[in-house]
Every structure is written in C-alpha cells, then in structure tokens.
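Peer 1: quick one: sequence and predicted model below, then my questions.
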Amino acid sequence: MADLPFNPLRPYLQKTFGREVHRVALDAGSTCPNRDGAKGFGGCTYCDVEGSGTGELKSGTQLAQQLKDGIERVRKRDPETGVIAYFQSYSNTYVSQARLTEVLSVLEGHLGDPVVAVSIATRPDTLPPSALEILARLNERVPVWLEIGLEVADDKLLDSIQRFHTVEDFLVAVERVREVGIDVIGHAILGIPGDGREGARRTAECLAASGARGVKVHNLMILKRTQLEHQWRAGQVDVLSAEHYVDWLADFVERLHPDQILHRMTGDAPETERLAPRWDVSVNGIRHRLIQELVGRGTRQGSLHSLASGS
C-alpha cells in the first residue's frame, strides 16, 4: 500500500539519510533510580532483571567492541547501510558527566559513516543539565534521539508498575530536550493493568500534546524474571489478544499527531523470554491488521488528533 494510514519509521529513515539504516543495540550496563534504591528497588514490574541488557557496567573497550561487532553484523547484509547506535538498556543518562562522556566516546571514528544517528534510552527523571549539554554537542554532529518512557498517562498506574515518576515529569522532560534541539521518542505500553482502552487513548493524546517527534508503542508482555510474571501466574494480570490489541492500537494511532513517526507498533521480546501473550501473528501481521482496521474505519494517524487536543 503506497499511502499508508500511519507514518512508519523506514520511509522516514530513507528520506532523512538517503539509504537503508539499521540499529545496533549497545549495553552500557546502566541502572535506574527505581532499581538502585534512589526511588525504589526491583525496577518496573514488567522489566526483566537485565533491563534489555546485562546490567553489568561496561568499559569503553567493551562498548567499542559491541559497536564494532554490531556494525560488522549489519554490514554483512548490506555494506552500504547506515547505523543507529542505540544505547538501549536501563537509563543511560543516569550517570555522571564523566561516565556519559566515556560511553559516547566509543562513537568517535564512526560518526557520520556508518553511524548516522545516536538513540539513547532513558527516563524523564534522569536528565541532568550536564547530560543535555553533552548530548546537544553530539547532536551538532549527528542526529541524537532521546527515547523517554511515558508508558501510561496515569500517575496512579505509573506508581503501580513502579515507574515512580509522573506524567508531568515526562512532559517537562520532553520540553527540556526539545529546547536543546534534540528529538524525543516517547514510549507507551497498551494493556497495563487498570488502564483499559480509554487509557490507551489518553496516553496517545498525551504523547501527541507533548511534542515528541516519534512514538514507540507495544502491547504489555509478561517476561520471565519480572515482578509481573508472579502476578500473571497468580491470575492477577491479563494480556491483550491480538484482535483487541489491534483495536486499541488503531484508537491510539488515530489520536497521535499526524506528523509523529511511529517507530514501533508491537513488542518484539524473544520467545524464549516471553511468557505471554503467545499470538499466532507476526509483527508484520499486526502491521497488516492495523492497516486493514484503519482503512475499514476510514481513518488514519491523527484523524482524531484535533478532537483530542481541543484545537
């Protein structure tokens, strides 16, 4: 379908960088304030003990090797591909100024080609001015994206899943990041216990109003070695079926800003780590069903944005 009813990532990357682009995930071994005791212990209830990484502090040498291996891996498939250096696990700005400088130093010699952009995962409450200054300088060389978790636009639910920040914290963080010229990718999870379909719509409205340039959204997943696993095994947590998720996702997409880039629209945890859901549909299958749902409704991304924002 030439005219998709939403703004997917791949065309945006091709238009921006003029070539195929792939992520290389990097694990700096960072931590979070809801894991190290500053705000709590154990991390978010849905987050595994490795936070999508090892949780082991990495030296500059180790990180440099991760980047080198990642570049070699993606360039075996396409020697001309650009690379997004993706600092993925935990909150990567929750470190000292010296540590952040050390982590980013591994990019030297690769910026521009093959590393065309840098994406950094963090939280809205772990963005000191020193980190923004460092990232703003890097952003003058290649585009920097800060991936900031909102997850759900409800303060009570943010506490229930042990995020321990507020919706206002997220909105203020996005504003601060945008002021230094860096794009934000906001994260959302649909199906968090107690949220419901109206909550999914509310979260989309919040992300649209925030000014985040991009959005990542996925369904709630039950991963091994998480607090949510225990609740799920006790029958206290349900997960969405593929059919319900597509319905909620269509509602969500309709309420985003028309210009936001949809970086992700479903989860991609390894099957060996994912307990639920166990859908018989692929990531591409969800994408196809979303297209069908929006076309069937006669809507597209942003169709309800003006209603949601009151403009």
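Peer 2: The structure has been received and is ready for your questions.
Peer 1: contacts only, for residue 97.
Peer 2: The neighbourhood of residue 97, defined by CB atoms under 8 Å, 6 or more residues apart in numbering, consists of 128, 130-131, 134. Any C-beta I mention is one placed from the backbone N, CA and C, and that applies to glycine too.
Peer 1: again, only this time at 6 Å
Peer 2: When the contact criterion is CB atoms under 6 Å, 6 or more residues apart in numbering, the partners of residue 97 are residue 130.
Peer 1: and if you look at residue 220?
Peer 2: By CB under 6 Å, 6+ apart, the residues touching residue 220 are 189, 191-192, 239.
Peer 1: can I get those in TSV including secondary structure and neighbour count?
Peer 2: Conversion of the contacts of residue 220 to TSV gives the following (DSSP: H, G, I helix; E, B strand; the rest coil; neighbours: other CB atoms under 10 Å):
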residue	secondary structure	neighbour count
189	strand	22
191	coil	23
192	coil	24
239	coil	19
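Peer 1: which elements pack onto the helix ranked longest in the chain?
Peer 2: Ranked by number of residues, the top helix in the chain under DSSP state H is helix 60-77. Using 3 or more CB pairs under 6 Å, 6 or more residues apart in numbering; DSSP states H and E, the elements in contact with helix 60-77 are strand 21-26.
Peer 1: what packs against the strand it packs on?
Peer 2: Partner elements for strand 21-26 (3+ CB pairs under 6 Å, 6+ apart): helix 60-77, strand 82-87.
Peer 1: which residues touch that strand?
Peer 2: Residues outside strand 21-26 that contact it (CB under 6 Å, 6+ apart) are 13, 66, 70, 74, 81-88.
Peer 1: got the buried residues for it?
Peer 2: 21-22, 24-26 (16 or more other CB atoms under 10 Å).
Peer 1: then that strand to PDB, C-alphas only?
Peer 2: What follows is strand 21-26 as a C-alpha-only set of coordinates in PDB (Å, rounded to 0.1, in the frame of the first residue of the first chain):
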ATOM      1  CA  VAL A  21      19.500   2.300   8.200                       C
ATOM      2  CA  HIS A  22      19.700  -0.400  10.900                       C
ATOM      3  CA  ARG A  23      20.000  -0.200  14.700                       C
ATOM      4  CA  VAL A  24      23.000  -1.600  16.600                       C
ATOM      5  CA  ALA A  25      22.000  -2.200  20.200                       C
ATOM      6  CA  LEU A  26      24.600  -1.300  22.800                       C
END
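Peer 1: mind listing the strands it pairs with, and their directions?
Peer 2: strand 82-87 (parallel) (DSSP bridges).
Peer 1: got a list of contacts for the strand it pairs with?
Peer 2: Counting by CB under 6 Å, 6+ apart, the neighbours of strand 82-87 from elsewhere in the structure are 17, 19, 21, 23-26, 28, 71, 107, 114-120.
Peer 1: cool, and stretch 294-305?
Peer 2: 5-7, 208, 250, 253-258.
Peer 1: what residues are recorded as beta-bridge partners of residue 216?
Peer 2: When assigned by DSSP bridges, residue 216 has beta-bridge partners residue 187, residue 264.
Peer 1: got the contact list for it?
Peer 2: Contacts for residue 216 were tallied using CB under 6 Å, 6+ apart; they are 185, 187, 263-264.
Peer 1: where does the prediction get shaky in the stretch 201-311 of the chain?
Peer 2: 306-311 (pLDDT under 70).
Peer 1: find the nearest non-adjacent residue to residue 223, please.
Peer 2: Here the nearest residue to residue 223 in space, its sequence neighbours aside, is residue 48; by CB to CB, 6 or more residues apart in numbering that works out to 4.8 Å.
Peer 1: quick check, the one you found in contact with residue 226.
Peer 2: Yes - using CB atoms under 6 Å, residue 48 makes contact with residue 226 at a distance of 5.3 Å.
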